[in-house]
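Q: The sequence isn't on hand, but the structure is:
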Ligand SMILES: Cc1cc2nc3c(=O)[nH]c(=O)nc-3n(C[C@H](O)[C@H](O)[C@H](O)COP(=O)(O)OP(=O)(O)OC[C@H]3O[C@@H](n4cnc5c(N)ncnc54)[C@H](O)[C@@H]3O)c2cc1C
């Protein structure tokens, strides 16, 4: 006999587990199926984000930043460190503990909110007048019946053609987060968010890191002025970034050899101890059996949805990395909540214009809204203001003065159209800009709001003042 639910969520990443919890909170009987296993074979909900993405990468970034500070920044504060050593095993073990705390936290939230969790793979079996039959296979073996189905099966790393991930020499994000000793020479293919974050971790710990990027522009989606500043700072830190390359043959043996042609057409043969391939991610519907019910996928494998995350079948929804839009955990969560609310008859809402982006390098890069190049391309008349952290008292006290805040506002109405930050804790500072844009604030609104002194957020206020050339210039 099938177990009946109002809502069955397939996938327990940030899109799925948040959708399941919200649906249960709204009084719907809810199941969540997730197949991720920890090293003991037990459940590890949280998806890519918790297990091999956002959380472990930030744990390693923090550990490696501490190490770099101890080696380079402490001396300026009068702190002498002798015999500094990196215990990579301990760093990775700490990261695993942080991951487990998050897995356990999600299981606790399922229990607290009365979400029934099934550890295994969920697949469509058939549809009938009462809803959808879903099979669970794995640790749990069950047949479920759901009136509504939310597909939240996420994404997988994209491999280079004919170069499969072996997670020993050729690493996806999974292997990159589990390297057990600092490689002497690390190659990274792809200068996107993941490549830059992972490259930074191992560069800080002493690896010689070369990042090879096919596109001619560095961080093409980022505001050009910010991307230029980032390129300058990362290069100064010792990341060798080559743009406009064409990757040729890759051979593995004792190490990895990458043949590539540089932007000038010169051929190179680079040897690396390990190679991280971070060239994007592909939607994951492996094992979901969408054909059984006729669920439509597009030519790239994404589940086809409308603006409300409704899929091609009645009462089937899809959220997160498996659908169009940015592959970000908080975008997946927003969609998950909105879908649960729509199922419950409420008016869930996601504002794609105010989704923040963050790259957790040092300095961090964060932005929301339009870049200057986008506004130019769209023919929007705008005003720009920026303020460097070099002139911010708190940044000086922290000893972290690289970067700036840049604000773009409509030339006529002064409405904020974009905010771009490169600098210390940009990931936290961007929240003010997101709130401002969500409330359609003007640059003058930010300029007239009292900001604590001394704080990094004063740089945002100063950038707002600079939009109208009213800067106080503390
Ligand atoms: C190294 C790295 C760092 C990242 N850092 C950030 C960051 O700092 N900030 C940010 O916003 N984003 C970051 N991301 C992206 C983020 O992880 C994803 O956008 C997010 O996890 C997507 O959530 P999701 O719920 O759609 O899918 P996922 O997190 O991929 O979860 C999908 C889940 O569904 C399960 N599943 C799949 N198919 C089935 C099935 N048939 N049955 C049962 N279970 C199934 C999977 O096992 C998985 O647990 C990072 C990604 C990587 C790789």
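A: Okay, I see it. As the structure is a computational prediction, the values presented were derived from the model and not from experiment. Numbering: from 1, shown residues only.
Q: Let me see the contact set for residue 466.
A: Contact analysis of residue 466 by CB atoms under 8 Å, 6 or more residues apart in numbering lists 385, 386, 387, 407. Bear in mind the C-beta positions are built from the backbone N, C-alpha and C, glycine included.
Q: host element of the last one?
A: For residue 407, the host element (DSSP states H and E) is strand 404-410.
Q: what packs against that strand?
A: helix 224-237, strand 382-388, strand 416-423, helix 443-448, helix 458-467 (3 or more CB pairs under 8 Å, 6 or more residues apart in numbering; DSSP states H and E).
Q: most neighbours per residue, which of the ones you listed?
A: Mean neighbours per residue, mean count of other CB atoms under 10 Å, is largest over the helices and strands packed on strand 404-410 for strand 416-423, with a mean of 28.
Q: just checking, what packs against whichever helix or strand comes after that one?
A: Sequence-wise, the next helix or strand downstream of strand 416-423 (DSSP H and E) is helix 426-438. The contact analysis (3+ CB pairs under 8 Å, 6+ apart) places helix 426-438 against strand 357-359, strand 364-369, strand 416-423, helix 443-448, helix 458-467.
Q: can you do 7 Å?
A: Here helix 426-438 touches strand 357-359, strand 364-369, strand 416-423, helix 458-467, going by 3 or more CB pairs under 7 Å, 6 or more residues apart in numbering; DSSP states H and E.
Q: and the residue nearest to residue 445 when sequence neighbours are not counted, how many neighbours does it have?
A: Closest residue in space to residue 445, ignoring its immediate chain neighbours: residue 436 at 6.6 Å, by CB to CB, 6 or more residues apart in numbering. Residues near residue 436, counting by other CB atoms under 10 Å, number 24.
Q: do stretch 128-135 and the ligand meet?
A: No - contact of stretch 128-135 with the ligand (CB under 6 Å from any ligand atom) is absent, the minimum separation being 9.1 Å.
Q: For the stretch 51-200 of the chain, just list every one of the strands.
A: 115-119, 121-128, 131-137, 142-151, 155-157, 170-171, 185-189 (DSSP state E, counting those that start in this stretch).
Q: just the angle between the longest one and strand 131-137, please?
A: So the one you mean is strand 142-151. Here the directions of strand 142-151 and strand 131-137 differ by 110 degrees (axes from the mean of the first three to the mean of the last three CA atoms, to 10 degrees).
Q: buried set for strand 142-151?
A: Neighbour-count burial for strand 142-151, counted by 16 or more other CB atoms under 10 Å, picks out 142, 144, 145, 146, 147, 148, 149, 150, 151.
Q: hang on, the earlier thing: now the strands of the stretch 51-200 of the chain as a markdown table including mean pLDDT?
A: Listed next are these as a markdown table, based on pLDDT from 0 to 100:
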| stretch | mean pLDDT |
| --- | --- |
| strand 115-119 | 98 |
| strand 121-128 | 98 |
| strand 131-137 | 98 |
| strand 142-151 | 98 |
| strand 155-157 | 98 |
| strand 170-171 | 98 |
| strand 185-189 | 98 |
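Q: Make TSV out of those and add distance to residue 206.
A: Shown next, in TSV, are these (distance: least, CB to CB, whole Å):
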stretch	distance to residue 206
strand 115-119	39
strand 121-128	40
strand 131-137	45
strand 142-151	43
strand 155-157	25
strand 170-171	18
strand 185-189	10
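Q: Any idea how far stretch 257-265 is from the middle of the chain?
A: Chain-centre distance of stretch 257-265: 29 Å, with CA atoms, centre = their mean, to the nearest Å.
Q: If you could redo that for stretch 375-382, that was the one I meant.
A: Averaged C-alpha coordinates place stretch 375-382 at 28 Å from its chain's average position (CA atoms, centre = their mean).
Q: sorry, back to before: in a markdown table, list the helices and strands packed on strand 404-410 along with distance to the ligand and mean pLDDT.
A: Output for these, formatted as a markdown table (distance: least, CB to the nearest ligand atom, whole Å; pLDDT from 0 to 100):
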| stretch | distance to the ligand | mean pLDDT |
| --- | --- | --- |
| helix 224-237 | 16 | 97 |
| strand 382-388 | 25 | 97 |
| strand 416-423 | 15 | 98 |
| helix 443-448 | 24 | 96 |
| helix 458-467 | 21 | 97 |
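Q: residue ranges with poor pLDDT in the stretch 201-350 of the chain?
A: Counting by pLDDT under 70, the stretch 201-350 of the chain contains no low-confidence range.
Q: Output the set of residues of the stretch 251-400 of the chain in proximity to the ligand.
A: 284, 287, 288, 320, 321, 322, 327, 328, 329, 330, 332, 360.
Q: and residue 303, what are its phi and psi?
A: phi -70, psi 130 (degrees, to the nearest 10).
Q: swap in residue 180?
A: Backbone phi and psi, for residue 180 under degrees, to the nearest 10, turn out to be phi -100, psi 0.
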